[in-house]
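Visitor: Structure for this input, please:
(chains A, B, C and D)
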There are 2 protein chains.
Amino acid sequence: MSKRPVTVIDIAHAAGVSKSTVSLVLRNSTLVNETTRAKVNETIRELGYVYNRNAAKLRGGGSEVIGIVVNDLTNSFFAELAVGMDMVTQSAGFVQFLANTGESLDRQREVIASMREHGMAGLILSPARGTTAADLKPLVAAGIPVVVVVRAVPGAKVSTLISDSEGGTREAVAHLLEQGHRRIAFLGGFADTAVFAERVRGYRAALESAGIAVSDGWIFDSAPSRAGGITAATAALAHADHFTAAICFNDAVAFGACDGLRAHKREPGLDFAVIGFDDVIEAKSAVPALSTVSIDPQGMGRRAAQMLLKQINAGQAEAETIISAARLVLRDSSGGRIATPKEAAA
Amino acid sequence: MSKRPVTVIDIAHAAGVSKSTVSLVLRNSTLVNETTRAKVNETIRELGYVYNRNAAKLRGGGSEVIGIVVNDLTNSFFAELAVGMDMVTQSAGFVQFLANTGESLDRQREVIASMREHGMAGLILSPARGTTAADLKPLVAAGIPVVVVVRAVPGAKVSTLISDSEGGTREAVAHLLEQGHRRIAFLGGFADTAVFAERVRGYRAALESAGIAVSDGWIFDSAPSRAGGITAATAALAHADHFTAAICFNDAVAFGACDGLRAHKREPGLDFAVIGFDDVIEAKSAVPALSTVSIDPQGMGRRAAQMLLKQINAGQAEAETIISAARLVLRDSSGGRIATPKEAAA
DNA sequence: CTCATAATTTGGATCGTTCCAAATATCAAG
DNA sequence: CTTGATATTTGGAACGATCCAAATTATGAG
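Guide: Residues are numbered from 1 along each chain as shown, chains lettered A, B, ... in the order given. Below you'll find the predicted structure:
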């Protein structure tokens, strides 16, 4: 039987002061005498008192929890993003509650609704596929600060932090072209997302400015996961144009692509160039080390959290959109010589 | 300006009923007339009312959020564990709040305290390194159901779900011995954890029952991460006894070990056998596919959640400890022929 | 010792919901 | 029409902490 929880009144009674004084002690007010503070604190420890934030929130102050909702925790990009946010929100004295939607819009709605009911100071959302401005409307109407990361939500009047997908991809493909590659595939990603469209746009732009016509058949969409990367790479290897390089939707896909290549006796970084996108922590230590477009997931998480905190503190800042630069990091997976047509057909 | 939030009283006023009736509608009571229910519901939608769970919780009912605290979200084992828990808690109508401690005891204390203050129905904890029974004492004293997973907390009177580390490792090493390996290293893991001790115990037991003496020098501890695996593998390769196989603390270490082997021109699954522990989702699709001791992370998450729900519903079940079986899954990384001493020394 | 001033302390009233007992409306049968 | 039962609805009184204005106590100068 869990007994009735201890309240301020119990403390007050036991310490021989009033509940108001106990409250003052709890809030670390300077108005209270050191002697009484000590006595009260001791009683608090003695009785095993647990602060009831619900009651407190009901009466007065704002919430100190910020909600973080991501669409795919099993992708380490998001795990790192969350860790970056953690650093910032934690040192600002907020608690973060993290929820995973697994790309389900229903789940996302539920989770956000639940967080609202619990009262949150702000929300950082990496939206599930298909999220619309209407989903965010009630939040902004209620004046709850929202920062959207990774994927923009078109039409929503909220602060947004995305990375320069188009520019990053263009730069990566330009590098492959410089190395002499001509038949470059685009692997992975859900075709119906804005991020996918942007990365493909960068891919096309780079190839076209080199005078290479891109057929739709060069683009192999798939789930943006390691498994999806394997599928996409396998499909690409079976294609009549024998690719010698690939730019991948993200690092997870790139790792999968490497697996897929090896399964078909091609060695990434040796006779097939692979470039990823994100720069997750494993990219550096994998073998071969993954060349990738770095958007610094942890840093992005930190920045997103800072944007949110600014909004929370400012009461109401207007929505700003930041497109953070992407930087090509060359490691081993994009190196090696270019496969001859014969090898490529093997 | 965020305007004053809408309350039941506003609804009551607008719909021409009493606040009690609105409350009844909110709680889906059968006591209320269909016509009034419809009218009230419409007003609720119209005014954009948001249920205030804090107020509700203050007055009466139990919480419907369960806390999940894990020690390393960037390890996909835990991400999958969390996803498994999600499935169960979600369909039981609970909301889950997930927090990451990153192996910090301070952070863990903070996070658990904060969750308590917010009022949680129960907690699933994958404890940070060094967690003691004293950390959990207040929770159980307050009658809050707790389930500890992955790592047991010695002396704590809470339900525990761990996997058969010793048996699993013993089985894996026995398999390597059967294949003819004699010099087998143990790679990765923090040496001061109970799980590490158990896995090492299984490792020693298997080798000793084959008449092989294990020197402490065969055990290479490291962070239980991909990066740690690289470090451990590199150290092992430099050892005077030329190992031909390794059992790894977990899959992350095993992946890192594969990377480390390749960096030294040894091919896992071909001339060096590697076995992991966990069976994370990538194990199947990696190249080479990872042989590993499967403990089914998602399934484990589901089971942990079920244990917690049972405890929550039962009011107070006594602490049970479940050691779930581990099963050796043979894939490619443990295959291949055994390197000759000369190769092994290369 | 007195009085002003500063330092502490303290009872309500209040936040938004639920619960309870009691009030009221509805209905069918006598 | 009553009457008794049944179906709905409804005012408080909680819940636990905060805030405010007012009360009490300590401090110090004259």
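
Visitor: Now for the one residue in the stretch 151-300 of chain A that gets nearest to DNA strand C: which residues touch it?
Guide: Here the residue of the stretch 151-300 of chain A nearest DNA strand C is A:V158; by C-beta to the nearest atom of the strand that distance is 24.9 Å. Bear in mind the C-beta positions are built from the backbone N, C-alpha and C, glycine included. Counting by C-beta atoms under 8 Å, 6 or more residues apart in numbering or on different chains, A:V158 touches A:L136, A:L139, A:V140, A:V146, A:V147, A:V148, A:A319.

Visitor: now those as a markdown table including distance to chain B?
Guide: Output for these, formatted as a markdown table (distance: C-beta to the nearest C-beta, whole Å):
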| residue | distance to chain B |
| --- | --- |
| A:L136 | 14 |
| A:L139 | 10 |
| A:V140 | 10 |
| A:V146 | 12 |
| A:V147 | 16 |
| A:V148 | 19 |
| A:A319 | 15 |
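
Visitor: ok, so of those, who is nearest A:L309?
Guide: Distance to A:L309, by C-beta to C-beta, is smallest for A:V147 among the contacts of A:V158, at 9.5 Å.

Visitor: what's the spacing between A:K137 and A:L123?
Guide: 13 Å (C-beta to C-beta, to the nearest Å).

Visitor: More neighbours: those two, which one.
Guide: Remark: of A:K137 and A:L123, A:L123 carries more neighbours, 22 against 15, as counted by other C-beta atoms under 10 Å in any protein chain shown.

Visitor: Whatever helix or strand that one lives in - contacts with which helices or strands?
Guide: Using DSSP states H and E, A:L123 maps to strand A:122-125. Here strand A:122-125 touches strand A:65-70, helix A:105-118, strand A:146-149, helix A:297-313, going by 3 or more C-beta pairs under 8 Å, 6 or more residues apart in numbering or on different chains; DSSP states H and E.

Visitor: Of all the ones you listed, which one is nearest B:R109?
Guide: Distance to B:R109, taken as C-beta to C-beta, is lowest for strand A:65-70 among the helices and strands packed on strand A:122-125, at 17.1 Å.

Visitor: Distance from the very next helix or strand once past that closest one to the middle of the chain?
Guide: Next helix or strand after strand A:65-70 toward the C-terminus (DSSP H and E): helix A:76-91. Offset of helix A:76-91 from its chain centre (C-alpha atoms, centre = their mean, to the nearest Å): 8 Å.

Visitor: Identify each buried residue in helix A:76-91, please.
Guide: Going by neighbour count (16 or more other C-beta atoms under 10 Å in any protein chain shown), the buried part of helix A:76-91 is A:76-86, A:88-89.

Visitor: Kindly reformat those as TSV and extend each row with distance to A:S324.
Guide: Output for these, formatted as TSV (distance: C-beta to C-beta, whole Å):
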residue	distance to A:S324
A:S76	19
A:F77	14
A:F78	16
A:A79	19
A:E80	15
A:L81	12
A:A82	17
A:V83	17
A:G84	12
A:M85	15
A:D86	19
A:V88	15
A:T89	19
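
Visitor: Nearest to chain B, out of these: which one, please.
Guide: Of all those, chain B sits closest to A:A79, with 4.8 Å by C-beta to the nearest C-beta.

Visitor: So for the closest one, what's the pLDDT?
Guide: pLDDT recorded at A:A79 is 91.

Visitor: so it sits right up against B:F77, yeah?
Guide: No: under the criterion of C-beta atoms under 8 Å, A:A79 is not in contact with B:F77, lying 11.5 Å apart.

Visitor: which parts of the stretch 1-150 of chain A sit against DNA strand C?
Guide: For the stretch 1-150 of chain A, the contact set with DNA strand C under C-beta under 7 Å from any atom of the strand comprises A:17-21, A:24, A:31-36, A:55, A:58-59.

Visitor: now, which of those residues sits nearest A:G299?
Guide: Taking C-beta to C-beta as the measure, A:G299 lies nearest A:L58 of these, at 37.5 Å.

Visitor: Distance of that closest one relative to chain B?
Guide: Look at A:L58 and chain B: by C-beta to the nearest C-beta, to the nearest Å, they are 5 Å apart.

Visitor: Tell me which residue of chain A is furthest from the middle?
Guide: No residue in chain A sits farther from the centre than A:G16, which is 50.6 Å out by C-alpha atoms, centre = their mean.

Visitor: Leaving out the residues flanking it, which one is nearest to it?
Guide: Once flanking residues are discounted, A:G16 sits nearest to A:K39: 7.9 Å by C-beta to C-beta, 6 or more residues apart in numbering or on different chains.

Visitor: still on that earlier bit, residues shared between the contacts of A:K137 and A:L123?
Guide: The overlap between the contact sets of A:K137 and A:L123 (C-beta under 8 Å, 6+ apart) is empty.

Visitor: Can you name the next helix or strand after the one helix or strand A:I230 maps to?
Guide: Under the criterion of DSSP H and E, A:I230 resides in helix A:226-237. Remark: after helix A:226-237, the chain's next helix or strand is strand A:245-248, criterion DSSP H and E.

Visitor: Show me what the mean pLDDT comes to for that next one.
Guide: 98.

Visitor: Send me whichever helix or strand comes after that strand as PDB with only the CA atoms.
Guide: Downstream of strand A:245-248, the first helix or strand assigned by DSSP H and E is helix A:251-263. Taking Å, rounded to 0.1, in the frame of the first residue of the first chain, the C-alpha atoms of helix A:251-263 are listed here in PDB:
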ATOM      1  CA  ASP A 251      24.700   7.900 -43.600                       C
ATOM      2  CA  ALA A 252      22.500   5.000 -42.600                       C
ATOM      3  CA  VAL A 253      21.700   4.400 -46.200                       C
ATOM      4  CA  ALA A 254      25.400   4.800 -47.000                       C
ATOM      5  CA  PHE A 255      26.400   2.200 -44.500                       C
ATOM      6  CA  GLY A 256      23.700  -0.100 -46.000                       C
ATOM      7  CA  ALA A 257      25.000   0.700 -49.400                       C
ATOM      8  CA  CYS A 258      28.500  -0.400 -48.400                       C
ATOM      9  CA  ASP A 259      27.100  -3.600 -47.000                       C
ATOM     10  CA  GLY A 260      25.200  -4.200 -50.300                       C
ATOM     11  CA  LEU A 261      28.300  -3.500 -52.400                       C
ATOM     12  CA  ARG A 262      30.400  -5.900 -50.400                       C
ATOM     13  CA  ALA A 263      27.700  -8.500 -50.700                       C
END
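
Visitor: now the angle from helix A:251-263 to helix A:226-237?
Guide: 50 degrees (axes from the mean of the first three to the mean of the last three C-alpha atoms, to 10 degrees).

Visitor: Show me what the helix or strand that helix A:251-263 is followed by packs onto, helices and strands only.
Guide: Per DSSP H and E, helix A:251-263 leads on to strand A:273-278 as the next helix or strand towards the C-terminus. Applying 3+ C-beta pairs under 8 Å, 6+ apart, we find strand A:273-278 packed against helix A:165-178, strand A:245-248, helix A:251-263, strand A:291-294.

Visitor: And the pLDDT at the residue nearest to A:A263 when sequence neighbours are not counted?
Guide: Setting aside the residues directly before and after it, A:A263 is nearest to B:V287 in space (C-beta to C-beta, 6+ apart), at 5.6 Å. B:V287 is assigned 80 on the pLDDT scale.

Visitor: Wait, B:V287 touches A:R262, no?
Guide: Yes: counting by C-beta under 8 Å, A:R262 is a contact partner of B:V287 at 4.1 Å.

Visitor: care to break chain A down by domain?
Guide: What the record gives for chain A is the domain set A:8-59, A:65-163+A:297-325, A:165-296+A:329-345, from automatic domain parsing.
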